[in-house]
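Visitor: Everything below, folded, please.
(one chain, ligands or ions: 1)
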Amino acid sequence: MARVEYEDVWKQFAAQGAPAVRGLSLDIADGELLVLLGPSGCGKTTALRMLAGLEEPDRGDIRIAGTSVVGREPKDRDVALVFQSYALYPHLSARENIRYPLKLRKMSRAEQDKRVDHVADMLGIAHLLPRRPAQLSGGEQQRVALARAIVREPRVFLMDEPLSNLDAKLRVHTRTELKTLQRQLETTMVFVTHDQAEAMSLANRIAILSAGELQQIGTPDDVYDHPANLFVAEFIGSPPMNLLEVTRDGDTLVAADGWRLPAPLTRDHSARELTVGLRPEAIAIGTAGQAAEVVAVEPLGSEVIVDVRVGEKALKVRAAPAVRPQPGSTVHLAVEPGAIRLFDRSSGSAFH
Ligand code: ATP
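Guide: Purely as a prediction, here's the structure:
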């Protein structure tokens with residue numbers, strides 16, 4: 001168990017290229033599950049590998065439990081890394097694979113077995129222990145890889161897209177288990193993913209990266225309700241936040257087709273180029289309000305996504321399952337004023 005800190009960490013691979021990680025600072029609490037989230041190539045794996053000791057930062061400091069680990073061998077950092085590929089030894093049984101890190105320590109065979117059995121029980125894989133990796137499904141292999149990380153009782157778990165090889169159902173199931181397990185073990189975990197839904201469901205806090213730079217760090221509710229900028233607004237949420245270019249007219253924001261929305265009170269009223277953000281559930285389909293044309297209806301079982309157009313602007317509205325307007329018909333949109341988010345279009349930053 002340990003606090004993890006990144007302080008102004010930089011990493012550049014090729015002399016000419018853009019830095020993979022730019023000035024990353026994070027303070028991860030002891031026992032926290034922090035998710036590093038971002039699109040492919042944003043630097044999240046590099047950030048994790050620097051914590052593991054598989055890459056060294058060019059600048060900045062990384063500390064575990066208050067002590068710098070920069071320059072220390074991976075084996076001396078007391079962290080356990082689980083990858084997308086399970087990296088199990090094919091010639092060893094699941095039991096021997098899990099036992100492997102314990103063999104390197106001065107621990108009696110009986111104690112090793114006790115620990116392996118305990119972890120296997122925790123992950124529901126006791127019956128698989130005699131099998132070799134080739135005799136296990138992908139999901140089972142991933143559990144063995146997780147067990148091998150857990151049995152070490154490291155100070156920090158590092159997870160690099162560990163669930164991506166699993167099918168959708170197993171992935172959701174394993175995600176829930178992993179979250180419960182992390183809470184029970186109270187071990188700090190840094191989890192890398194490009195999947196925003198996975199990040200939302202797992203994290204205590206999410207750190208969102210783009211092009212090597214931290215965009216926002218906050219709880220899933222924070223980043224969903226109050227995205228710090230347009231990048232986060234579009235990256236978090238499915239369907240993503242609707243973005244509308246608007247101009248200000250006194251207390252009103254005017255969008256395409258003359259759609260008028262109340263301007264939220266912000267500290268800075270000077271910006272002229274504004275973008276409004278509206279979550280799909282912040283718009284209601286009713287009998288009064290802005291007229292919109294229905295383009296398509298996507299029934300998803302528990303909800304319906306209604307694709308509409310206001311002038312040229314396409315929007316997605318989240319509605320109750322029974323709402324089924326006809327494509328081509330006209331509906332009216334009402335907006336919850338408290339749910340309107342406002343961004344400076346030129347910088348992309350949110351007004352709070
Ligand atoms: P993905 O989800 O695709 O794994 P990522 O967010 O984890 O992406 P990184 O793997 O950290 O991104 O890569 C960040 C940037 O650094 C990318 O532009 C990548 O091409 C580059 N990069 C990563 N590792 C190396 C390396 N060993 N040598 C050169 N460039 C690298």
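
Visitor: Quick check: chain neighbours aside, which residue is closest to residue 340?
Guide: Using CB to CB, 6 or more residues apart in numbering and skipping residues adjacent in sequence, the residue nearest residue 340 is residue 264, 5.3 Å away. Quick note: C-beta positions are derived from backbone N, CA and C, even for glycine.

Visitor: now swap in residue 298 and tell me
Guide: residue 305 (4.2 Å).

Visitor: That neighbour: helix or strand, and which one exactly?
Guide: Element membership for residue 305, per DSSP states H and E: strand 304-310.

Visitor: CA atoms of the next helix or strand after that strand as CSV?
Guide: Going down the chain from strand 304-310, the next helix or strand is strand 313-319, by DSSP H and E. In CSV, the C-alpha atoms belonging to strand 313-319 read as follows (Å, rounded to 0.1, in the frame of the first residue of the first chain):
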residue,chain,number,x,y,z
LYS,A,313,-26.8,20.7,-36.5
ALA,A,314,-27.1,17.0,-35.6
LEU,A,315,-27.8,16.2,-31.9
LYS,A,316,-28.4,13.1,-29.9
VAL,A,317,-31.1,13.0,-27.2
ARG,A,318,-31.4,10.3,-24.6
ALA,A,319,-35.1,9.4,-24.0
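
Visitor: Relative to the whole chain's centre, how far out is strand 313-319?
Guide: Here strand 313-319 is found 24 Å from its chain centre; the criterion is CA atoms, centre = their mean, to the nearest Å.

Visitor: picking up where we left off before, against which helices or strands is the strand holding residue 305 packed?
Guide: Where contact means 3 or more CB pairs under 8 Å, 6 or more residues apart in numbering; DSSP states H and E, strand 304-310 is packed against strand 290-299, strand 313-319, strand 330-335.

Visitor: With only the CA atoms kept, save that strand in PDB.
Guide: Presented in PDB, the C-alpha positions along strand 304-310 are these (Å, rounded to 0.1, in the frame of the first residue of the first chain):
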ATOM      1  CA  VAL A 304     -33.800   5.300 -26.700                       C
ATOM      2  CA  ILE A 305     -31.300   7.600 -28.500                       C
ATOM      3  CA  VAL A 306     -33.200  10.000 -30.800                       C
ATOM      4  CA  ASP A 307     -31.100  11.600 -33.500                       C
ATOM      5  CA  VAL A 308     -32.400  15.000 -34.400                       C
ATOM      6  CA  ARG A 309     -31.400  18.000 -36.400                       C
ATOM      7  CA  VAL A 310     -31.800  21.600 -35.600                       C
END
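
Visitor: about what we covered before: contacts only, for the residue nearest to residue 340.
Guide: 337, 340, 341, 342, 351 (CB atoms under 8 Å, 6 or more residues apart in numbering).

Visitor: try residue 255
Guide: The contact partners of residue 255, taken as CB under 8 Å, 6+ apart, are 244, 245, 246, 261, 276, 310, 313.

Visitor: any weak-confidence spans in the stretch 51-200 of the chain?
Guide: Within the stretch 51-200 of the chain, no stretch falls below the threshold (pLDDT under 70).

Visitor: If we go by neighbour counts, what in the helix or strand containing residue 275 is buried?
Guide: For residue 275, the host element (DSSP H and E) is strand 274-278. Going by neighbour count (16 or more other CB atoms under 10 Å), the buried part of strand 274-278 is 274, 275, 276, 277, 278.

Visitor: Same question for stretch 135-148.
Guide: Residues of stretch 135-148 classed as buried by neighbour count (16+ other CB under 10 Å): 136, 139, 140, 141, 142, 143, 144, 145, 146, 147, 148.

Visitor: Show me which of the contacts of residue 264 are buried.
Guide: Using 16+ other CB under 10 Å, the buried ones in these are 340, 341, 342, 351.

Visitor: now the residues you listed as JSON lines including distance to residue 109, pLDDT and secondary structure?
Guide: Listed next are the buried ones among the contacts of residue 264 as JSON lines, based on distance: CB to CB, whole Å; pLDDT from 0 to 100; DSSP: H, G, I helix; E, B strand; the rest coil:
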{"residue": "340", "distance to residue 109": "64", "pLDDT": "93", "secondary structure": "coil"}
{"residue": "341", "distance to residue 109": "59", "pLDDT": "94", "secondary structure": "strand"}
{"residue": "342", "distance to residue 109": "64", "pLDDT": "93", "secondary structure": "strand"}
{"residue": "351", "distance to residue 109": "63", "pLDDT": "87", "secondary structure": "strand"}
